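> Below are the sequence and a predicted model for it; my questions follow.
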Amino acid sequence: MDRSIQFKNHPFRFLLYLEWVLLVVAIFTAIMPFSAHRYSQQFPELTICSLIIFGLMGLYLPTGHKITKIFYTAIEIFLILIIVFFSGRTARLFPFPYLIFVTRSCFIFQLPGRLISAIISFILFLLTFRRRLERMVVSPIEQERLWFFILSFVLVFGLILVFILLLMNAVLSERQSREKLAVANEKLRQYALQIENQATLEERNRIAREIHDSLGHSLTALNLQLETALKLWQSNPEKAKTFLVTAKELGSSALQDVRQSVSTMRSHPLQEKSLEKAILELIENFQRSTSITPICHIQLPYSVPVEIATPIYRIIQESLTNIYKYAKATEVKLELIGIDKSLQLKIQDNGVGFDLTQNTTGFGLKSMRDRTSALGGHFHIQSAPSRGCTITVTVMNYE
């Protein structure tokens with residue numbers, strides 16, 4: 001704890017209330033008259049003021065500079081000595097200030113300081129207990145019983161100090177663990193927000209790229225076809241009709257691109273579905289909308305966690321989109337095999353292919369690489385002009 005402990009930020013206020021209850025009992029004991037001479041008050045006002053000051057000191061516990069801690073502890077010891085040596089009947093309650101002193105030291109100091117405070121408290125306890133015994137006059141017959149009582153009382157007080165130390169160490173350690181856990185959770189929440197924002201930004205960039213590369217190109221060509229058709233409508237209607245037919249085909253292609261992009265933008269493709277079922281549905285939709293023949297082989301003997309399944313699904317989806325747009329393929333082979341918490345995905349087409357030295361920085365390929373890297377896997381692409389393309393993704397030893 002870096003800042004001082006005050007009433008408004010006291011981690012365990014019930015301990016502060018317990019201190020006040022014990023000190024109020026001691027004050028009432030000091031105020032009440034008592035007939036026994038050996039318990040007569042010498043300076044009751046001084047004792048009461050010391051108890052009040054000692055209680056109010058619990059409202060502020062220094063946790064910063066070492067000198068401030070030592071000075072604060074010295075004042076506490078001084079007040080305890082006043083309470084013990086200048087009180088009468090209150091002396092019967094003298095263990096209370098020592099226990100409060102040790103409890104407060106657990107908030108102020110680390111373990112070495114707590115042990116020193118407990119030792120000081122025990123030494124002062126022995127001194128004040130000895131002072132009490134000096135006032136007592138007992139017969140030789142009762143001395144043996146008195147020594148047994150003294151040893152028992154000292155042992156009990158020592159055990160109480162040890163118990164307080166162990167209890168406070170356990171409570172404070174648990175509190176610090178909870179604070180660290182809360183900080184870690186907050187950091188994880190912030191990281192999750194950053195990742196979500198980054199994913200949102202990447203998705204926006206991808207959509208912008210999709211619109212620019214596919215829909216924008218189709219609409220530009222469509223506009224040119226329509227402009228040409230308008231120019232030829234009066235002079236050459238037959239040729240203008242040819243341009244209109246081409247424009248219609250371009251419009252259909254643009255509409256297909258929009259549908260494909262909307263399908264890709266689904267936020268939860270695996271909702272209430274297994275990875276195998278989702279892939280089969282994706283392949284079926286792909287075949288129906290593109291007329292490309294898919295050959296699919298999936299072998300998953302176990303359920304794939306959603307944090308692994310979703311990126312794999314997106315990689316397959318992106319691969320099929322690229323094949324549809326650029327490969328001019330008639331056949332695509334998809335193979336997904338899971339063995340011993342490892343996955344191997346292979347997507348191969350018989351399209352036109354491309355030169356790896358010139359075209360490996362496209363958004364689709366970058367997205368697939370990033371998703372594979374986030375899984376700790378390996379991404380490999382093999383292609384050449386007129387030889388199709390093969391994408392291999394391997395994810396090893398996931399949990």
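Done, it's in. Residues are numbered from 1 along each chain as shown.
> Grab the nearest non-local neighbour of R314.
R371 (5.9 Å; C-beta to C-beta, 6 or more residues apart in numbering). Every residue, glycine included, has its C-beta placed from N, CA and C.
> Count the neighbours of the one you found for me.
Each residue near R371 was counted by other C-beta atoms under 10 Å, and the total is 19.
> again with E281
12.
> Am I right that it falls within a helix?
Yes - assigned with DSSP: H, G, I helix; E, B strand; the rest coil, E281 falls within a helix.
> give me every residue that touches it.
K273 (C-beta atoms under 8 Å, 6 or more residues apart in numbering).
> okay, now the closest residue to R387 other than its chain neighbours: neighbour count?
Leaving out its chain neighbours, the residue that sits closest to R387 by C-beta to C-beta, 6+ apart is G353, at 4.7 Å. Residues near G353, counting by other C-beta under 10 Å, number 21.
> hang on, G353 in a strand?
No - with three-state DSSP as the criterion, G353 is located in coil rather than a strand.
> Tell me which residues touch it, please.
A327, S383, A384, P385, S386, R387, G388, C389.
> Backbone dihedrals for E331, both of them.
Note on E331: backbone dihedrals following degrees, to the nearest 10 are phi -150, psi 140.
> Report the contact partners of the residue nearest the centre of the chain.
Centroid check for the chain by C-alpha atoms, centre = their mean gives N185 as the closest residue, at 2.3 Å. Residues near N185 by C-beta under 8 Å, 6+ apart: none.
> Can you tell me the element it falls in?
Under the criterion of DSSP states H and E, N185 resides in helix 140-210.
> and that helix, what's its mean pLDDT?
The pLDDT scores in helix 140-210 average 82.
> Can you give me the buried ones in the following helix or strand past that helix?
For helix 140-210, the following helix or strand on the C-terminal side (DSSP H and E) is helix 216-232. Neighbour-count burial for helix 216-232 flags S218, A221, L222, Q225, L226, T228, A229, L232 (criterion: 16 or more other C-beta atoms under 10 Å).
> Likewise for stretch 387-394?
Across stretch 387-394, burial judged by 16+ other C-beta under 10 Å covers G388, C389, I391, T392, V393.
> Give me the contacts around it.
For stretch 387-394, the external contacting residues (C-beta under 8 Å, 6+ apart) are 312, 315, 319, 323, 327, 329, 342-354, 368, 372, 377-383.
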